[in-house]
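A predicted structure for the sequence below; I have some questions about it.
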Amino acid sequence: MKPRTITSMFVTLWLLLAINPLHAWQADAVSGNEKKPDSSGFSFFQPDSNQLHAPSYTPDLDSQIKQLKNELESLNGDARSDILDTDRKAVRYIVERMFDTRQQLQRLEAQRMRLKLQKIEANLDAREKSRDTIIDQRVKKLIHRQDQVETTQEGPSLRNETAMSTSIGLQGLPAASTPIGLPGPPAFTGDAENKSSQIHRNSGASIQWPQPGEIVKDLRQHRDFGTAFLRHQKLLQSRIERFSASLEELKRKGFLDSNALEKDRLAELESLRDELAVSQYGNKLPDWKRAWSTYQSRLRLLKLDVEEAKLAFESRTMQNERVRNMHETGFVSIDEVQKAASELTAARFALLRAEELLKLYADIETQEPDLNPDSFKAEK
């Protein structure tokens, strides 16, 4: 016989045994055998011989019947699902703990949200009372600090122009000189967007490169603008983080006067945030990166020029050897030999010029690594 069938039969038998005494109590009550209530408030009856072992019950029949029906339904459900009573109690205990814990957590979350809402409302009220003062202070600081940023950006440019007019370039060469007999470069504007137009083919079929000194000048200018912007951003972010603390902490650390109010802290914090947003329009870091990228592109092109000059020199060397051998056998004249020798000499000097120019350009990155925007750290 299946466990479910046995459980159902046991429940039905237990229910019948429990209900029969109720009917017996009702019969005795009708026949007058019911005793008067004792001092405890409960009523008893005198059982006969057939009801000697029947339990006593309270007169709340509807409640007991309802309880029995609920227990019967629960037991039937347990029988259908094959869940032991001990397992059900363990599961219920766990569920009760989870429910109570979740309720406690949600109450704490609700309390925290109420406190946060009260703080926000208090800040809004304080800002509303100081509306004109906050606006005036913010406008004044934005105008003053923007003037300082513009002055800082103009300073490095003037210093660089003055220094480059009298300075000596890399490897001891004057900044305006032409290395190894190269034709002089065209006028250089220092603008990264116009640099590409400076590279062109001249009558000698060679690239006319900007002077290394001009490259250094342009990169230094972009570096000064970029680092000034990054340091200013770092300073603003640090001050925003500082004034995000509580008013009491700022007073204790000396960042605000002892007489300062919460509205003063909020006004300073909002002013710093607005200044940080406005300063994004003066970001010079992309220009610095473009200037450095242009320099790297030229460096790669110069390496290709050196390889091309090497191949041309090797070809002229072989051609010169072949013409000399042909002249010894009488196949070519002395003029052809002289022409081949002249072309070989030109190829040799072209290779030397390309190698020297590549070295000058490569020295920029080696001797001044801080011109690379990737090497800059805001905490410097």
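Now that the structure is in, tell me what you want to look at.

buried residues, stretch 363-377. List them.
Within stretch 363-377, the residues that count as buried by 16 or more other Cβ atoms under 10 Å are 364, 371-373, 376. All C-beta atoms are positioned from the backbone trio N, CA, C, and that covers glycine.

please apply the same query to stretch 333-348.
Buried residues in stretch 333-348 (16+ other Cβ under 10 Å): 337, 340, 343-344, 347.

one more: stretch 242-262?
Taking 16+ other Cβ under 10 Å as the neighbour-count basis, stretch 242-262 is seen to contain the buried residues 243, 247, 250, 256.

between all of those residues, which two are separated the most?
Taking Cβ to Cβ as the measure, the buried residues of stretch 242-262 span a maximum distance of 9.7 Å, between 243 and 247.

what's the overlap in contacts for the two?
residue 265 (Cβ atoms under 8 Å, 6 or more residues apart in numbering).

report the rounded mean pLDDT for stretch 358-368.
What stretch 358-368 shows for mean pLDDT is 89.

relative to residue 269, how far out is residue 230?
When Cβ to Cβ, to the nearest Å is applied, the distance between residue 230 and residue 269 equals 22 Å.

who has more neighbours, these two?
Each of residue 230 and residue 269 had its neighbours counted (other Cβ atoms under 10 Å), and the higher figure belongs to residue 230 (20 against 16).

report all helices and strands that the host helix or strand of that one contacts.
Secondary-structure element containing residue 230, defined by DSSP states H and E: helix 212-243. Contact partners of helix 212-243 among helices and strands, from 3 or more Cβ pairs under 8 Å, 6 or more residues apart in numbering; DSSP states H and E: helix 131-166, helix 262-279, helix 285-328, helix 334-367.

among the ones you listed, which comes closest to residue 119?
Shortest separation from residue 119 across the helices and strands packed on helix 212-243 is recorded for helix 262-279, at 10.0 Å, computed as Cβ to Cβ.

and that closest one, C-alpha only, in CSV?
What follows is helix 262-279 as a C-alpha-only set of coordinates in CSV (Å, rounded to 0.1, in the frame of the first residue of the first chain):
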residue,chain,number,x,y,z
GLU,A,262,25.9,75.1,5.3
LYS,A,263,24.9,77.5,2.5
ASP,A,264,28.5,78.7,2.3
ARG,A,265,29.7,75.1,1.7
LEU,A,266,27.0,74.5,-0.9
ALA,A,267,27.8,77.7,-2.7
GLU,A,268,31.5,76.9,-2.9
LEU,A,269,30.7,73.3,-4.1
GLU,A,270,28.3,74.4,-6.8
SER,A,271,30.8,77.1,-8.0
LEU,A,272,33.6,74.5,-8.3
ARG,A,273,31.3,72.1,-10.3
ASP,A,274,30.3,74.9,-12.7
GLU,A,275,33.9,75.9,-13.1
LEU,A,276,34.9,72.3,-13.9
ALA,A,277,32.2,72.1,-16.6
VAL,A,278,33.2,75.4,-18.1
SER,A,279,36.9,74.5,-18.2
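
now do it against helix 212-243, angle only.
With axes from the mean of the first three to the mean of the last three Cα atoms, to 10 degrees as the criterion, the two stretches helix 262-279 and helix 212-243 enclose an angle of 160 degrees.

how near is residue 226 to residue 341?
Per Cβ to Cβ, residue 226 is found 52 Å from residue 341.

kindly report the same for residue 236.
With distances taken as Cβ to Cβ, residue 236 is found 68 Å from residue 341.

check residue 216 too.
Applying Cβ to Cβ to residue 216 and residue 341 gives a distance of 39 Å.

mind listing residues that contact whichever helix or strand comes after the helix holding residue 230?
Next in sequence after helix 212-243, counting helices and strands by DSSP H and E, comes helix 247-253. Here helix 247-253 makes contact (Cβ under 8 Å, 6+ apart) with 242-243, 256-258, 260-262, 265.

how about 7 Å then?
With Cβ atoms under 7 Å, 6 or more residues apart in numbering as the test, helix 247-253 has contacts from 243, 256, 258, 260, 262, 265.

quick one, which of those residues has the minimum pLDDT?
Least confident entry in the contacts of helix 247-253, by pLDDT: residue 258, with 76.

name the nearest residue to it, sequence neighbours excluded.
Ranked by Cβ to Cβ, 6 or more residues apart in numbering and with sequence neighbours excluded, the top spatial neighbour of residue 258 is residue 251, at 5.7 Å.

buried by neighbour count: which residues of stretch 220-233 qualify?
220-230, 232-233.
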